[in-house]
Structure formats: structure tokens, C-alpha cells
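*Asks:* Have a look; sequence and predicted model below, questions after that.
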There are 2 protein chains.
Amino acid sequence: MNYHTFSEEILRNFTKNIFVKMGCTDEDAVLASDVLIKSDLRGIDSHGVARLSGYVRLWEKNRINTKPNIRVVYETPTTATVDGDAGLGLVIAPFAMKIAIEKAEKYGSGWVSVRNSNHFGIAGYHALMAVEKNMIGFAMTNASPLVAPTFANERLLGTNPMCYAFPAGKYPPVIVDMATSAAANGKLEIAQRSGKPVPEGWIQDKDGNSSIDPHELKSGGSLLPLGSDRDHGSHKGFGLSATVDILSAVLSGANYGPWVPPFVSFLEPPSDPVGKGIGHFIGAMRVDGFRPVEEFKSHLDKWIERFKSAKTVSPDQKVIIPGEPELEAELFRQTNGIPIIESVYLDLNELAEKFQIEKLNK
Amino acid sequence: MNYHTFSEEILRNFTKNIFVKMGCTDEDAVLASDVLIKSDLRGIDSHGVARLSGYVRLWEKNRINTKPNIRVVYETPTTATVDGDAGLGLVIAPFAMKIAIEKAEKYGSGWVSVRNSNHFGIAGYHALMAVEKNMIGFAMTNASPLVAPTFANERLLGTNPMCYAFPAGKYPPVIVDMATSAAANGKLEIAQRSGKPVPEGWIQDKDGNSSIDPHELKSGGSLLPLGSDRDHGSHKGFGLSATVDILSAVLSGANYGPWVPPFVSFLEPPSDPVGKGIGHFIGAMRVDGFRPVEEFKSHLDKWIERFKSAKTVSPDQKVIIPGEPELEAELFRQTNGIPIIESVYLDLNELAEKFQIEKLNK
């Protein structure tokens, strides 16, 4: 595939300038760019600058408010509900995590359910904010309906990711950051572009039959929950996705299930909303609310060492600690730059033209 | 299969008498029986009275302390670590949940990591204690190693269940209670007894090859994480299982990974423990820490109604709300009794003989 490579700084600046042109404050634009660039750095290309034009189109349809009054609407010492005022999730989720961290500093833990938001980028970004404070970070979000629950032939849930992040000692943090569907939508998009079939168990067609054609999703098909079918535990993937939906939206007053507004601007949000915007659930727990930080970290190091040195099926493939591949990508791309595929490159330069900022040069 | 049916009361009394004979206080014996019988009522036969002789054998080997001094060893306003003093998990987990609920009543949420415990029965029992108080309940536990992480050919994790429970309004609570392996060990035991093959993706043999022979687990094979293989997201099942292990044991000071002591008494615990006993993680969050309870419940009712009325693949199979089948079993068995298979029946009457209490009569 044809791609162009840019340094982190160039893309960060470019992205920030677009957000400023959309009306964000400088502070918000810097933060929103940081979330997107972090995704590109970590190799999750589907959630980085590739989404920038999607945010712009939503803003053009007045579905993103770049001057939001993000505020706490309900709270106890360790819980809160935040209304994001239809702002960028990229800005609202860090706001929520800051509150969770403040509560955890005072009381041991903090939990924030968020309504009236938009897509928040990668869950790992927000969870890692807690890890930097020697806390355990939690981040989840619901998303536009693409996934059919077990036995259903209807898209009722998003790929609803959940993230748990833990600080280690001499090793990088353990970060479990996963869609609760069998495959993330980004993986399907890659298969669509390359024209390759996908493994059975990722999608079903419009009649509910198993399919390996990645384009079926655009013809009325659905993604499948983690587990793929009932025999292999798809009811568990459905249960996890339901958990994300309930904590993020039923708890906060956001839209849930099939009422979650679509990320793509060419689809209108449902005309009978059950809440406001999309929802997130963010949490932080102080490690030293349970045991001294150094004890925890040295045991997590031991845990990591034991799993990394596990006996493997093949001599060529070691056990991968959750978060390891993303960190490797980050270190590599910090030095070597971020590859941008041709279609995204063209997309970004269209934005540059629209907003009259300097284009990216090959 | 040959089975005998007994009323809830008869089995509850029988079980309580055994625990008393083991040296439990009356209060602890009543509680421990309640956890086991609830499992049988809810149709999770693998975790009910079928396990009673297992607890007895561990007690005979001095691996269960029936007079434990269960205590909080570390805490903040909303977090705590409990040392179970090698008692029955059936008693320690409800103790931990009571603390979580008390903290949630005061501060909005409460989180308890538990070390030095034993198997705690079904996670759903403990999470439901929170639901009765209009809270969201969380319960997870690590367990004896049976599951190989993605790419590994070694059992490093238990089936490590996680449970999330939410109070609804006019409908029963939504209860996601699931092993993080593709199949729970209980399902494999059923296949072993019936001599039937299991679906591909549940286990691998001692060389790491996919297998459909349920007996391979006893010949050096392993269970597989939810997702079954890398293509279908087994790294996600591994990540969830890791999360349970870290929250339950690395955080509390219990044993983790391959160091978790086996439930079966004929296997000795590792000689180089990294902590004490097995670990649990228990939590409660007040719904009204986020929005008024009645609002939450009426939206969760709407969520349930929407999912139950989803368009389905087959006209004969509706979408199942998490927790629904267990509740149906509970209502049926409360009226019609609990079926006990012949081998468990004989097992229980051996215990009756050993402890000189009245036998169960067919």
C-alpha cells in the first residue's frame, strides 16, 4: 500500500491547527491532537488522524460543539456524572479522568459516567492518565451500533471497547485495551481496502449467515461479539458489550444500544433519542489503597516475567503481554515517523485546503 | 443421566450440617450453604453441592481454616484489602462485599481486594448482594491454572470469572457472570462424563494442537481463552483473564498465575508461593451516585425491552438477556426441586457417613 511518513510533530501541529480552525480553544486543540497522535504512534491507525475528517464533518453538521461547557451534573465523593455538552470526546474523556483521579487522590477511587459526548479516540489514552499517578485506570465507551448480540440479526451495540491499565515497575504498564467484538471495525476496514476475505466468525450477512466477505457489513450485515458464536462464548462478548453500554450510557443518561448516534455524518442520529450523545465510563483506583505501590509493582513485574517466559506452542512466537505491541510501535514511530496511507493523506490535505492551512508535503 | 431430585431446603440443611461438622460457626455454615445452594438453584450445577466434597478434602488437608479471623489489613475510605485467613471463600467474599457496600453507602463506591481465600462459589451471588441495595455489583476471582494464554503451551491462568450486576425496574437484574475462558470447566466436565467431543476452540492438547477430545485437559492439555485463537480475539480473553488475576491477586497479595493453589486436594500447592491463597476482587457502586435510581431503572427496563424484542436470525430463538436463563432455572427449581446426578448423590452420602449425619434419601 502506498503511504507517506511524517514526524509526530508535523502531524500534531497539523491536527492542532485543524481543531483551532474548528473553533476549539488552543488548550482543547492541543489535547485533542495529543489523543489522536497517540493513537497513530501506538499503531492504532484507525483511531488517529484518519478520523480527523470524520470529526470535521460532524462539526459541519452541528453535531460537535467546539465550545462546550463540560460540567459535573451529579456527584458523591467518589462518583460523578459529566455532561459533555456535545463536545469532542477527545477533550471530554480527559476531563472526566481528571475528576476520577482527584476523587481517587482524596478517597481511594473515583468513577465518572459521561453523557452527551462524541468518540473519545483510544481508550488506552485515558486509562494511562491514571497509570501515571500510580493508579489503576479504567476507560470504556459505547459506540455506533455495528454488532449483533448472540441470536440477533440486528446491529444493537457498538464495538464498545473496555480498557484496564496497570502500572508496573521495571516494565511498561500492562494495558488491556480491546473492542468487545470479535474483531475491531478498523480490522474490517483494512480487509475492505485490501479486498481480502476475513476469518469466519467476524461478521454475519444481512440474513444472519456467517460470512467471510468484509463488505457484507455495508450491505446490512453485522459484526459479531467476541466469541463469534454461541458455542464459543459469543454470549460473553455480548455480556461485556452490554456492561460497557450500561455503565457508559444507562448510568449517565447518554444514548444506548441502537439509539447511539452514528459517527459517520451521512447517517442521521435516531429521531427518538433515549439520552444525550454517546457515553463513556472512566475510573481510577489508587494502588496504595490496597497495598504499597512498590510491592504491587514488583509483583506485577514478576507476573510479566513469568508470562513472557511461558512455554510456547511455537518457538517463534512468545506470549505477548497486553500493551506490549502498542508500546513497541510507539517507540519505533517516535523515531521513524508515522506512516499515513495515500487515501488518508489526500483526505488530510483536502482539510488543509478547506481550512486554508499549510498542506502536508510528501 | 440418572439423577435424584431434592428440595432446596433438604439440600440446604444437609450442606449446612456438613459445614458445622467441619467446624464452621452456625452463621458461617448457613452463609456458605446459601452460596452453594444458590448455584444449584440457578442451574450452575458445577459450583453447587457438587463441590462440597472438594471443600471437605481441602479442609482435611488443612488447606481450609473453618475458624478464620477474616480482617481488613489495609484501607482508604473507598478501598480495602481483606485477608481471609485461609477460610472458605464462600464466607470471605460476602464479608468483602459487605465492606464494599458500607463504603459505597458513605462515599458512593467501595472496592475490596481479597487475599488468602479459597474458591468463592458463583460470582453472581456476591454481586447480587449489591444489587439488592440499588448498587451495581462487581465480583471476580482468580482460580487454579487451567487456561493457556494466547501462543502459550502452559496453563497459567484459571477460568477467572468476572461478574457485573445491574438492578432493573420491572425486570430482573441484568447479570453478566462469565468465565473468561472460551468454555467454563464445568462444561468440559459434562462432556467428559458424556464422552462427547467438544467444539474446536475450547481446548488444546499437550502439544498445543487444537483438540475436540474433552479428556485432553487431563493429559497435559489446556483450556483456551475466550476468543479461542488469535484470529478470533483470544488475546482479548487472555487480557480479561489477566485483568481478573491482577485485580484479585497482584493487588491483594494473593497467589497469581501458575502459583494459584489447585482446588483439587490431590495436587499440592506450589512450594514457592508468591502470595497467600487465592484472590478475589469485589466492588459496589451506588446507582444514585450517578443519577436517580428510578431513572436508571426505567432506562435499563427500556434497554432490556429493546434487546429482547430484537430481530433474530431464527424465529425460534430470541435474544437472551444476561442473567435470564439462571433466573428461569431458579424459579423452576425453587418449585420443582434440584436434580442431583448419581455420582454427586453418592459423593454426598459418603460425606454423610463420614460426618455421621442423616443421609439424603432418594
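*Replies:* Cool, the structure landed. As the structure is a prediction and not an experimental result, all values here were calculated from the model. Numbering: from 1, shown residues only, chains lettered A, B, ... in the order given.
*Asks:* which residues does A:Gly337 contact?
*Replies:* A:5-8 (CB atoms under 8 Å, 6 or more residues apart in numbering or on different chains). C-beta here means a position set from N, CA and C on the backbone, and glycine is covered the same way.
*Asks:* One more: A:Gly233?
*Replies:* Counting by CB under 8 Å, 6+ apart, A:Gly233 has contacts A:226-227, B:178, B:182-183, B:226.
*Asks:* Spatially nearest residue to it, not counting backbone neighbours?
*Replies:* Excluding the flanking residues, the one nearest A:Gly233 by CB to CB, 6 or more residues apart in numbering or on different chains is A:Gly227, at 3.5 Å.
*Asks:* in terms of contact, does that neighbour touch A:His235 like I think?
*Replies:* Yes: between A:Gly227 and A:His235 there is a contact at 7.0 Å, judged by CB atoms under 8 Å.
*Asks:* Comparing these two, which residue is more hemmed in?
*Replies:* A:Gly227 (31 against 22; other CB atoms under 10 Å in any protein chain shown).
*Asks:* How about the residues of the stretch 251-362 of chain A by chain B?
*Replies:* For the stretch 251-362 of chain A, the contact set with chain B under CB under 8 Å from any CB of the partner chain comprises A:251-253, A:256-258, A:274-275, A:285-287, A:289-291, A:295-296, A:299-300, A:302-303, A:306-307, A:310-314, A:317-320, A:322.
*Asks:* In chain A, where is pLDDT below threshold?
*Replies:* For chain A, the stretches flagged by pLDDT under 70 are A:1.
*Asks:* can you point me to the longest helix in it?
*Replies:* helix A:89-107 (DSSP state H).
*Asks:* Next, the angle from that one to helix B:89-107.
*Replies:* 100 degrees (axes from the mean of the first three to the mean of the last three CA atoms, to 10 degrees).
*Asks:* Need the residue closest to the centroid of chain A.
*Replies:* A:Ile122 (2.9 Å; CA atoms, centre = their mean).
*Asks:* what about stretch A:58-71 and chain B, any contact?
*Replies:* No: using CB under 8 Å from any CB, stretch A:58-71 stays clear of chain B, coming no nearer than 14.6 Å.
*Asks:* Going by neighbour count, which residues in that stretch are buried?
*Replies:* Neighbour-count burial for stretch A:58-71, counted by 16 or more other CB atoms under 10 Å in any protein chain shown, picks out A:58-59, A:63-66, A:68, A:70.
*Asks:* do stretch A:351-358 as well
*Replies:* The neighbour-count check on stretch A:351-358 (16+ other CB under 10 Å) flags A:351-352, A:357 as buried.
*Asks:* Backbone torsions only: list them for A:Ile136.
*Replies:* For A:Ile136, the backbone dihedrals (degrees, to the nearest 10) come out as phi -90, psi 130.
*Asks:* buried subset of the residues of the stretch 251-362 of chain A next to chain B?
*Replies:* Buried, going by 16+ other CB under 10 Å: A:251-253, A:256-258, A:274-275, A:285-287, A:289-291, A:295-296, A:299-300, A:302-303, A:306-307, A:310, A:312-313, A:319-320, A:322, out of those.
*Asks:* So the longest helix of chain A, near chain B or not?
*Replies:* Yes: using CB under 8 Å from any CB, helix A:89-107 reaches chain B at A:Tyr107.
*Asks:* by contact count, what packs against that helix?
*Replies:* helix A:26-41, strand A:79-83, strand A:109-117, helix A:123-131, strand A:135-141, strand A:278-286 (3 or more CB pairs under 8 Å, 6 or more residues apart in numbering or on different chains; DSSP states H and E).
*Asks:* Neighbours of the residue nearest to A:Lys297 when sequence neighbours are not counted, how many?
*Replies:* Using CB to CB, 6+ apart and skipping the chain neighbours, the partner closest in space to A:Lys297 is A:Gly169 (3.5 Å). A count of nearby residues for A:Gly169, using other CB under 10 Å, gives 15.
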